[in-house]
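[1] here is my input; please provide its structure:
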Amino acid sequence: MRERIGLVEAFGLRPFGKAAREVLLSLRGDETTPKTRFDLTSLKQLRPRYSLPLWLGRKPCGRRVPITNLYNYRQPPPELGWSVRVTDVQDFLDGFNTYDSHNGTDLAVPPGTVVVAAAPGRVLRVSSEFHRGGRKVFVEHGRGLVTTYNHLSRPLVAPGQRVRRGEPIALSGYSGIDALFAFPWTPPHVHFNVWLNGAYVDPFTPGAEPSLWRRRNDPTPARGDEPDDYEETEWNEAVVDAAIAACRHEGAREEIRTAPTLLERIGAAMMQVNYFPTRFPGFREPFYRARFEREPRLDLPFSRDDYDGVCFAT
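    Numbering: from 1, shown residues only. Have a look, this model is predicted:
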């Protein structure tokens, strides 16, 4: 299933003024946010073999989703700034299919592809930060697990909404600064993040520890007939107040403080702490009252009508 998406919506350019301000923040940084780092090694991310067909609405790997970047196990300290360079990288396959600061999995699909919940849960946040992932949906799955879906064109859900495994939550695009500067040479994709106990983790596994995918390192779409095993989360509300106290950025602090519900305050705090860690120096407190272990719970976040599995880009 795919809907025709115009470039303005795919890039997430509206409102134009906000997008322009966030482009400048990415390029210049400010007193709490280091500027983005890039150089000639960043050109290694250009993949016209995949990007050109995808922008034209075609599938270069048929019914398998190309993964064009994996989680980097050698990420630089966030104090150095977000880096799209390719200088010190290692993915779970012991290869180099990633870049310096990459903390997720890039699933390359044509703009307008239906994106679905990777597991049952509750929508934690819907937002747009043009300089850091564009339009996003965050889903909380219980037992310490959160998934985030970045570079979307059109969210289809709202904070607090319950979602089933495989339920549509958005249309894909390539919103954010990435596409604006690299179009059409980098593939449109969903940057898929996984947080466990509030921190970034790789859903794939290089060794004996459990994969977070239900089919280990071979994720497939949900069948659609599984029972709903979502458990409501017991949040540590005091940690939100601690995050507000630790925050050095006035706008981020006010966004967390003024969110209308506890769930939305948690969503704002978790997003800000993970996407902009330098705004919270020394803050490492968990948002949960318990700590949870890795367990296989996720499916590929696309419909079985569109895809069967994944392939690793070469």
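
[2] counting by contacts, list what the lowest-mean-pLDDT helix or strand in the chain packs against.
    Sorted by mean pLDDT, DSSP states H and E, the helices and strands of the chain end with helix 177-182, the least confident at a mean of 90. The contact analysis (3 or more C-beta pairs under 8 Å, 6 or more residues apart in numbering; DSSP states H and E) places helix 177-182 against helix 7-11, helix 16-28, strand 134-142. No exception for glycine: its C-beta is placed from N, CA and C like everyone else's.

[3] for the first one, packing partners?
    Judged by 3+ C-beta pairs under 8 Å, 6+ apart, the packing partners of helix 7-11 are strand 145-155, helix 177-182.

[4] pairing partners for the first one, with directions?
    Think strand 145-155. strand 134-142 (antiparallel), strand 168-172 (antiparallel), strand 189-196 (antiparallel) (DSSP bridges).

[5] relative to P48, which of those strands is closest?
    Ranking those by proximity to P48 (C-beta to C-beta) places strand 189-196 first, at 14.2 Å.

[6] what's the mean pLDDT across that closest one?
    Computed over strand 189-196, the mean pLDDT rounds to 98.

[7] hmm, back to that, out of the helices and strands packed on helix 177-182, deepest packed?
    Of these, the one with the most neighbours on average (mean count of other C-beta atoms under 10 Å) is strand 134-142, at a mean of 25.

[8] export that strand as PDB, just CAs?
    Taking Å, rounded to 0.1, in the frame of the first residue of the first chain, the C-alpha atoms of strand 134-142 are listed here in PDB:
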ATOM      1  CA  GLY A 134      12.000  15.200  10.700                       C
ATOM      2  CA  ARG A 135       8.500  14.000  11.400                       C
ATOM      3  CA  LYS A 136       8.300  11.200  14.000                       C
ATOM      4  CA  VAL A 137       6.000   8.800  15.900                       C
ATOM      5  CA  PHE A 138       7.100   7.200  19.200                       C
ATOM      6  CA  VAL A 139       5.400   4.100  20.400                       C
ATOM      7  CA  GLU A 140       5.800   2.700  23.900                       C
ATOM      8  CA  HIS A 141       5.400  -1.100  24.100                       C
ATOM      9  CA  GLY A 142       5.700  -1.800  27.900                       C
END
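
[9] having no further points to raise, I will conclude here.
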